[in-house]
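Novice: Starting from these lines, generate the structure:
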Amino acid sequence: MKKLIIILLAFLAAACAKEQFQPLESGSSQKLRFEATTEGTKACLTDEYKILWEAGKDAISLFAKTDNCRFETTTTGTTAWIEGTISQASTNYYALYPYDPDATNSTGSITTVLPAEQKAVPNQFSNIVAVAGTNNKSLRFQPCVTLVEVDLATAGVQSISFRGNNNELIAGTLRMTAGTKDDNNPNPTVISGMKEVTISDGGKVLEPGKYYLAIAPQVFSRGVTITISGDGGSAEKVTTKPVTATRSRRLLAGTFDLPLVPSDGSFSMSYSDGDTRGTVYPGESKQIIYSYSGTRNLEYHINSASPVSVEYILDGSPSSGSGGRLAEDVSLSGSVINLLPCSANGGDNDYVARLRGAAPKGSESAPADLSVDNNTLFGNLSGINTANCYVVTAPGWYSLPLVWGNAIKNGAPNTAAYAPPVSGSTALSPFLGPDGISISSPYINESSVKVAGARLEWEDALGLIEDVRLEGSGGNDDKIVFRVPSDSIREGNALVSALAADGSVVWSWHIWVSGATSSEFESVNVTDKSSRTYSLALINVGWVAPYYNPIVYDSRSTTVRITQQGSGKTLEFTLVQTGATLPANETGTCPFFQWGRKDPFVAGNGEVVEDASRDCPKKTWYTTERRDTVGTRATRLGKDIGAYITHPTHYNLDSGGDGKYSNLWNATQAKFTSSSTAAENAADVVKTIYDPCPVGTCMPPIGSMTVFSKDNADGDFNLGYSFFTAPNKTGDTVFYPAVGSMSTSNLTSTKVFASMRNSGTGFSYWAANANNATSGFNMNCYNKGAVNTGYGSNRQYVYPVRPAIEK
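Specialist: A predicted model of the protein is given here:
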């Protein structure tokens, strides 16, 4: 347990000589002693805190190469000696406070657990986490948490809880970087964990005083909620303004002298959306915070022995109804509040206008079949043609068949797509399904995994896809049906999945809503230096054209007042939706892909970032619960192709991807060829069921891009290159926009959600060909410079795709 020291004046640490490593005892193990201090700051801030070490009570983890050694304090003070024994000598040592036998370290990247349930002690704190690195005998610890200070004056409180209003992760598995330099940034990040931290003392009533909750530092974009609870009821403080929690600082919540609202067992309303939960009692007014996107699943239950009446107050004004803000009215028999999105303004262009002016297709009872509807977009096909990506060009009702990727072509089984005639140690045939079992039929329901449901995984335009469901009775005619609403249609992308009975993903499809003209779905002929000709599409998969006015969502509040008849008691809660402004899309945007995988990942938001060393902002996307999210989910999926299928929303952190196969995107390519100009890498691609491209198109061979170069461009770089389609600046031109690239090559990086770079200044476009077991060919350009097609990138990188016309 640490006493909190508030720095009111500049901190003057005792000067100590930095000793070089001298073992106190020799032998198979070595006893070492380190001087421990806490980092100081240049500014004199009243919210800074330091560690007061206590002899015999404090211990740290000292990482000596692969060992996690327990070291203990031998003196007391803000500077203390810490001693312990190591079995491996090292040039650099890294340390974690407090000692955690389960903590891990990889060259200073330290992972530990910040608990969500913490001990409450007045005027003291626990669960502070700090790291240090050294190449001498001094350990300068850098605190990695924010301490939320609550000055408790209310009697009868047994617990204090803190959470962000945007479901931020604030406790759990915490990753930090320890360094030996004074300017080291620990960059503490929760990579998995909880959204609420609570302090208590085993159910005891907390005496008045200052209490501290340790949380992961971050910006709470929609404010925070602090709740005090006891047997007498609860009370809370809410702010919807952004709150910044800074590492090694206190976040001052002020004095809590709120009366606890008594629980009334005869009349109350409980609510939960899986992350936020609570109970509303008579005499209490609660705020439940959501973003402009609303939520689909706020479950509630009104406990009342007699009927109730419901009133609404919209932005402070009484209303006879919910004003179109709730899909269904609140009632005694109701169970779920579907809070609808705020209205959007802006983000308009000719593409959006075309979509909104298009005649709706299909109907709920007879949806338009996308495997037929898409036949004339990129060609003139007939019959049923399936793919992993379908294009929607108008509002309406749509369906897609339960078929593995492009396993049906021109109305017949496309065996080469799932069981190609190829052999060899680096060629996979047949291809594998979600359970790792070979695929032997075009139809998913003829496999060992049966489809039992469907859902929307995500969408990058709010309200793009609605009413996703499975129709059928378990046969080959089963289909996924969904609606594209006319009142919220705009360009964007979405992912829908077929689900097994246990809720796991069986397969998923990319839905691309596009307002492109028919001429933009045409192709251009490209001729390489060997006079070989290819047909390439004019736009990227999932392309969303630029728009130059931001999309604005105004905030709003919907107060629901429930009155119990007879008693006259009232319950009142307010659904607050915070507004937002989504920036203009300067470059145009599109989803990105990992090499060999079929499912898209949301990438940049179209903002130009000239500084090549700075991360670019990512596009906002929305989960099936209608939560707005930024970033890319990430996990280690290893070399398991089945796991890629069952985790379509998760970026694989393992750099080599599957690490083996040459033909995941080109069915008959049986071997690796290191030269991008080799005949194998110029041949026509045989599309596979893992191909991410729409009907009539496929991944391009790298040979189709070898004619593109800075010297063969029409003019200078301007948010991309306009390339001539034949050598020596001849032929037509085709534009490749600088939509950037996304990657992280370090499994221990705190940037587990991938780093987005080069938006507006560069690009990397995947090709179908693998140049070795762990990388794939691509065309890339960095910092508006040269264009390269001669080498590959790790398969875990995430790049856009410009498709070729399938032959």
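Novice: Now residue 355: phi and psi?
Specialist: Here is the backbone geometry of residue 355 (degrees, to the nearest 10): phi -60, psi -40.
Novice: dump the residue contacts of the residue nearest to it when sequence neighbours are not counted.
Specialist: Leaving aside its chain neighbours, residue 355 sits nearest to residue 515 (4.4 Å; criterion: Cβ to Cβ, 6 or more residues apart in numbering). Heads up, the C-betas are built off the backbone N, CA and C, glycines and all. Shown in contact with residue 515 (Cβ atoms under 8 Å, 6 or more residues apart in numbering): 350, 351, 352, 353, 354, 355, 393, 491, 545.
Novice: just residue 662 next, same as before
Specialist: Contacts of residue 662 (Cβ under 8 Å, 6+ apart): 426, 427, 669, 670, 671, 672, 770, 773.
Novice: wait, isn't the fifth one in contact with residue 422?
Specialist: No: under the criterion of Cβ atoms under 8 Å, residue 671 lies out of contact with residue 422, with a separation of 9.7 Å.
Novice: quick one: which of the two has more around it?
Specialist: residue 422 (19 against 13; other Cβ atoms under 10 Å).
Novice: what's the pLDDT at that one?
Specialist: Confidence at residue 422, expressed as pLDDT, is 97.
Novice: May I ask you to confirm that it is in contact with residue 666?
Specialist: No: the pair residue 422 / residue 666 is not scored as a contact, 9.7 Å apart, by Cβ under 8 Å.
Novice: hmm, back to that, any idea which of the contacts of residue 662 is closest to residue 112?
Specialist: residue 773 (34.6 Å; Cβ to Cβ).
Novice: what residues are up against that closest one?
Specialist: Contacts of residue 773 by Cβ under 8 Å, 6+ apart are 426, 656, 659, 660, 661, 662, 672.
Novice: Turn the residues you listed into a markdown table, including distance to residue 205, pLDDT and secondary structure.
Specialist: Below are those laid out as a markdown table (distance: Cβ to Cβ, whole Å; pLDDT from 0 to 100; DSSP: H, G, I helix; E, B strand; the rest coil):
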| residue | distance to residue 205 | pLDDT | secondary structure |
| --- | --- | --- | --- |
| 426 | 67 | 97 | coil |
| 656 | 56 | 92 | coil |
| 659 | 58 | 96 | coil |
| 660 | 61 | 97 | coil |
| 661 | 63 | 98 | coil |
| 662 | 67 | 98 | coil |
| 672 | 69 | 95 | coil |
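Novice: Report the buried members of these.
Specialist: 426, 656, 660, 661, 662, 672 (16 or more other Cβ atoms under 10 Å).
Novice: Contact partners for the second one?
Specialist: Applying Cβ under 8 Å, 6+ apart to residue 656 gives the contacts 639, 773, 774, 775, 794, 795, 796.
Novice: rerun at 10 Å
Specialist: 595, 638, 639, 772, 773, 774, 775, 794, 795, 796 (Cβ atoms under 10 Å, 6 or more residues apart in numbering).
Novice: about what we covered before: right, and out of the contacts of residue 662, which lies closest to residue 146?
Specialist: Closest approach to residue 146 among the contacts of residue 662 (Cβ to Cβ): residue 773, at 44.2 Å.
Novice: What ranges does the stretch 301-450 of the chain have for its helices?
Specialist: 350-357, 370-373, 415-418 (DSSP state H, counting those that start in this stretch).
Novice: and the last one, how far from the chain's centre?
Specialist: The one in question is helix 415-418. With Cα atoms, centre = their mean, to the nearest Å as the basis, helix 415-418 stands 33 Å off its chain's centre.
Novice: So what touches it?
Specialist: 386, 403-409, 421-422, 429-433, 438-442, 667-668, 686-691, 698.
Novice: That helix: what's the following helix or strand?
Specialist: Per DSSP states H and E, the first helix or strand lying C-terminal to helix 415-418 is strand 453-459.
Novice: just checking, what packs against that next one?
Specialist: Strand 453-459 sits against strand 466-471, strand 479-484, strand 492-499, strand 505-513, strand 620-623, with contacts defined as 3 or more Cβ pairs under 10 Å, 6 or more residues apart in numbering; DSSP states H and E.
Novice: 6 Å instead?
Specialist: strand 466-471, strand 492-499, strand 620-623 (3 or more Cβ pairs under 6 Å, 6 or more residues apart in numbering; DSSP states H and E).
Novice: So which of these is nearest residue 72?
Specialist: Here strand 620-623 is closest among the helices and strands packed on strand 453-459 (Cβ to Cβ), at 45.9 Å.
Novice: what's the average pLDDT for whatever helix or strand comes next after the closest one?
Specialist: Next in sequence after strand 620-623, counting helices and strands by DSSP H and E, comes strand 628-630. Averaging pLDDT along strand 628-630 gives 85.
Novice: Could you do stretch 551-571 as well?
Specialist: 97.
Novice: One more: stretch 160-175?
Specialist: 95.
Novice: same thing with stretch 384-391?
Specialist: pLDDT averaged over stretch 384-391 gives 99.
Novice: which outside residues touch it?
Specialist: Applying Cβ atoms under 6 Å, 6 or more residues apart in numbering, the contact partners of stretch 384-391 are 370-371, 374-375, 377, 400, 403, 405-406, 408-409, 411, 509-512, 514, 598, 692, 694-695.
Novice: same thing but 7 Å
Specialist: Applying Cβ atoms under 7 Å, 6 or more residues apart in numbering, the external contacts of stretch 384-391 come out as 370-372, 374-375, 377, 400-401, 403, 405-411, 509-512, 514, 541, 598, 691-695.
Novice: Residue 611: how many residues sit nearby?
Specialist: Using other Cβ under 10 Å: residue 611 sits among 9 other residues.
Novice: Assign a three-state SS to it, would you?
Specialist: coil (DSSP: H, G, I helix; E, B strand; the rest coil).
Novice: phi, psi of it?
Specialist: phi -80, psi 110.
Novice: For it, give its distance to residue 771.
Specialist: Distance of residue 611 to residue 771, computed by Cβ to Cβ, to the nearest Å: 30 Å.
Novice: Dig out what the closest residue to residue 503 other than its chain neighbours forms beta bridges with.
Specialist: Distances taken as Cβ to Cβ, 6+ apart place residue 453 nearest to residue 503, at 7.5 Å, with adjacent residues excluded. On the basis of DSSP bridges, residue 453 takes part in beta bridges with residue 499.
Novice: burial of residue 453, as a residue count?
Specialist: So residue 453, with other Cβ under 10 Å, has 15 neighbours.
Novice: same check, this time on residue 477
Specialist: By other Cβ under 10 Å, 12 other residues sit near residue 477.
Novice: Quick one: closest of the helices of the stretch 301-450 of the chain to residue 105.
Specialist: The nearest among the helices of the stretch 301-450 of the chain, by Cβ to Cβ, is helix 415-418 at 44.3 Å.
Novice: so residue 177 touches residue 188, yeah?
Specialist: No: with contact defined as Cβ atoms under 7 Å, residue 177 does not reach residue 188; the gap is 8.5 Å.
Novice: Which of the two has more residues huddled nearby?
Specialist: Just comparing residue 177 and residue 188: by other Cβ under 10 Å the higher neighbour count belongs to residue 188, 26 against 22.
Novice: pLDDT below threshold where in the stretch 651-800 of the chain?
Specialist: 744-753 (pLDDT under 70).
Novice: cool, the chain as well?
Specialist: The model of the chain has pLDDT under 70 over residues 1-28, 40-48, 744-753.
Novice: per-domain residue ranges of it.
Specialist: With domains defined by automatic domain parsing, the chain comprises 2-260, 350-517, 520-545+587-805.
Novice: which one of the ones you listed is the most hemmed in?
Specialist: domain 520-545+587-805 (a mean of 21; mean count of other Cβ atoms under 10 Å).
Novice: Look at residue 704 and give its secondary structure.
Specialist: The assignment at residue 704 comes out as helix when based on three-state DSSP.
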